[in-house]
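Asks: Dropping a prediction and its sequence here:
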Amino acid sequence: MSDSLSGLPLEQTISPAYGVCVEIKDAHLDVWGHTNNVHYVQWMQDVAVEHSSAVGWTAERYLSNKSIWVVRSHHVEYRRSTYLGDKLLLQTWIAEMKRASCLRRYRFLALPQDVTEDEIQRAIGFTNLEDFEFPQTSIVATAETHWAFVSTETLRPVRVNPELNAVFVEGATNRAYYPQR
């Protein structure tokens, strides 16, 4: 079974998808008038941090546990350009959790120009990928990040805390929000 929007196998999803919306502003544009690719990577990092915080693992909590996530690699596949005023739904989820690493996936969906914040709130947040539906969406980009879990003292890989591992699977009661970026 695969997700009709991304084509990614649902079996590889161990957490509910977490979503945030971004609106393309002047500061996001490059000299050609479309969204600079650097912003996609920044949004990927931002939504990963927000997802973790939403399930109770803030930066402070990671530091108190003397372990953090660091990026090993990013891969982004762009499918179409975005422009000033476009609204995107950025979803992320944990596709795979290993002893000292995880694979996090992302998808950027174009939202209708006339969508309201209330409509977004009803449609997003934590949801299973197979349950997500929003009219007139199209995929702008898909991406993934390989994260390594490391000790803040040695910067060497350490085992993912079982409590941390479990919390991503149990995050379905949280809601996302519509930040103005």
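Replies: Cool, got the structure.
Asks: quick one: residue 37 from residue 29, how far?
Replies: 12 Å (CB to CB, to the nearest Å). Every C-beta, even on glycine, is put in place using the N, C-alpha and C of the backbone.
Asks: got it, and residue 108?
Replies: According to CB to CB, residue 108 stands 16 Å off from residue 29.
Asks: Pick out whichever of the two has more residues nearby.
Replies: Neighbours per residue (other CB atoms under 10 Å) separate residue 108 from residue 29, with residue 108 holding more: 24 against 16.
Asks: Show me which strand runs longest in this protein.
Replies: Longest strand of the chain, by residue count under DSSP state E: strand 138-151.
Asks: Report the distance from it to the chain centre.
Replies: 7 Å (CA atoms, centre = their mean, to the nearest Å).
Asks: Which secondary structure elements does it sit against?
Replies: Identification of packing neighbours for strand 138-151 by 3 or more CB pairs under 8 Å, 6 or more residues apart in numbering; DSSP states H and E yields helix 37-54, strand 67-78, strand 101-111.
Asks: Turn those into a markdown table, columns for mean pLDDT and distance to residue 61.
Replies: Output for those, formatted as a markdown table (pLDDT from 0 to 100; distance: least, CB to CB, whole Å):
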| stretch | mean pLDDT | distance to residue 61 |
| --- | --- | --- |
| helix 37-54 | 94 | 9 |
| strand 67-78 | 96 | 10 |
| strand 101-111 | 91 | 17 |
